[in-house]
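Engineer: Give me coordinates for this.
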Amino acid sequence: MESHGISKTELKELMREALISVLTEREDLLQDAVSEAILDMKLGLAMEEGDTGEYVPESEVLSKLAD
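Structural biologist: Below is the predicted model:
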């Protein structure tokens with residue numbers, strides 16, 4: 001069996017072309033990824049804003065869930 005090698009430069013160029021192709025043909029993938037990243041960032045900011053350092057005992061949470 002014959003083995004064909006590929007140089008690092010050729011591989012890099014192939015990967016670059018493939019990525020450009022995917023992003024131009026499937027813009028929705030990039031839009032979805034950016035949208036998810038923004039939502040994650042907003043959730044993190046909301047969590048930081050809501051963190052008062054005050055905690056409720058676990059027993060109180062469980063009793064409310066049982067009601």
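Engineer: residues contacting the spatially most central residue of the chain?
Structural biologist: In the chain, the residue lying closest to the centroid (Cα atoms, centre = their mean) is residue 37, at 5.8 Å. Contacts for residue 37 (Cβ atoms under 8 Å, 6 or more residues apart in numbering) come out as none. No exception for glycine: its C-beta is placed from N, CA and C like everyone else's.
Engineer: Can you dump the C-alpha atoms of the helix or strand where it lies in CSV for me?
Structural biologist: Assigned by DSSP states H and E, residue 37 belongs to helix 27-50. Only the C-alpha atoms of helix 27-50 are listed here, as CSV (Å, rounded to 0.1, in the frame of the first residue of the first chain):
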residue,chain,number,x,y,z
GLU,A,27,-24.0,31.1,7.9
ASP,A,28,-26.7,29.8,10.3
LEU,A,29,-24.0,27.8,12.2
LEU,A,30,-21.9,30.9,12.9
GLN,A,31,-25.0,32.9,13.8
ASP,A,32,-26.2,30.2,16.2
ALA,A,33,-22.8,29.9,17.9
VAL,A,34,-22.6,33.7,18.4
SER,A,35,-26.1,33.8,19.7
GLU,A,36,-25.5,31.0,22.2
ALA,A,37,-22.3,32.7,23.3
ILE,A,38,-24.2,36.0,23.9
LEU,A,39,-26.9,34.2,25.9
ASP,A,40,-24.3,32.4,28.0
MET,A,41,-22.6,35.7,28.7
LYS,A,42,-25.9,37.3,29.7
LEU,A,43,-26.7,34.4,32.0
GLY,A,44,-23.3,34.7,33.7
LEU,A,45,-23.7,38.5,34.2
ALA,A,46,-27.2,37.9,35.6
MET,A,47,-25.9,35.3,38.0
GLU,A,48,-23.1,37.7,39.2
GLU,A,49,-25.6,40.5,39.6
GLY,A,50,-28.0,38.3,41.6
